[in-house]
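In: Okay, sequence plus prediction incoming.
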Amino acid sequence: QVQLVESGGGLVQAGASLRLSCAASNVNFRYYSMGWFRQPPGKEREFVATISWSGGSTSYPDSVKGRFTISRDNAKNTAYLQMNNLRPEDTAVYSCAASTGLQPTLSKDYTYWGQGTQVTVSS
């Protein structure tokens, strides 16, 4: 059974940094694009970042570009999301996901999902 487990969330002040991790098991991790999504309270899930299977290509929406960085370590079956200069509007449950597609930005194109980790940014 494929498992994706996120960690690293927490409560921080605006301007702080957090690094989220997504550990994968029972999956050929190196063959999947990985993505991060978030769901703010009372809102729809939204795309945050995606990375190709090799790690050579990434994509972000304008809302996080320049502040967030996605990366992966295929030897450790782990993806990461480095979040800098956090803002209160970044408050959400962050989930990682795995896709056989080419860096999809739509949640429907991801097959496997973690349960999420809460990130709360106070002003």
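Out: Cool, the structure landed.
In: and the residue nearest the centre of the chain, what does it touch?
Out: Geometric centre of the chain, nearest residue: Trp36, 2.4 Å, by Cα atoms, centre = their mean. Contacts for Trp36 (Cβ atoms under 8 Å, 6 or more residues apart in numbering) come out as Leu20, Cys22, Val48, Ala49, Thr50, Ile70, Ala79, Leu81, Tyr94, Ser95, Cys96, Ala97. For glycine as for every other residue, the C-beta is placed from the backbone atoms N, C-alpha and C.
In: A helix includes the fifth one, no?
Out: No. Membership of Thr50 in a helix is not supported by DSSP: H, G, I helix; E, B strand; the rest coil, which gives strand.
In: So it versus Val5, what's the distance?
Out: 19 Å (Cβ to Cβ, to the nearest Å).
In: now swap in the first one and tell me
Out: Going from Leu20 to Val5 by Cβ to Cβ gives 11 Å.
In: low pLDDT regions in this protein?
Out: Low-confidence segments of the chain, defined by pLDDT under 70, are absent.
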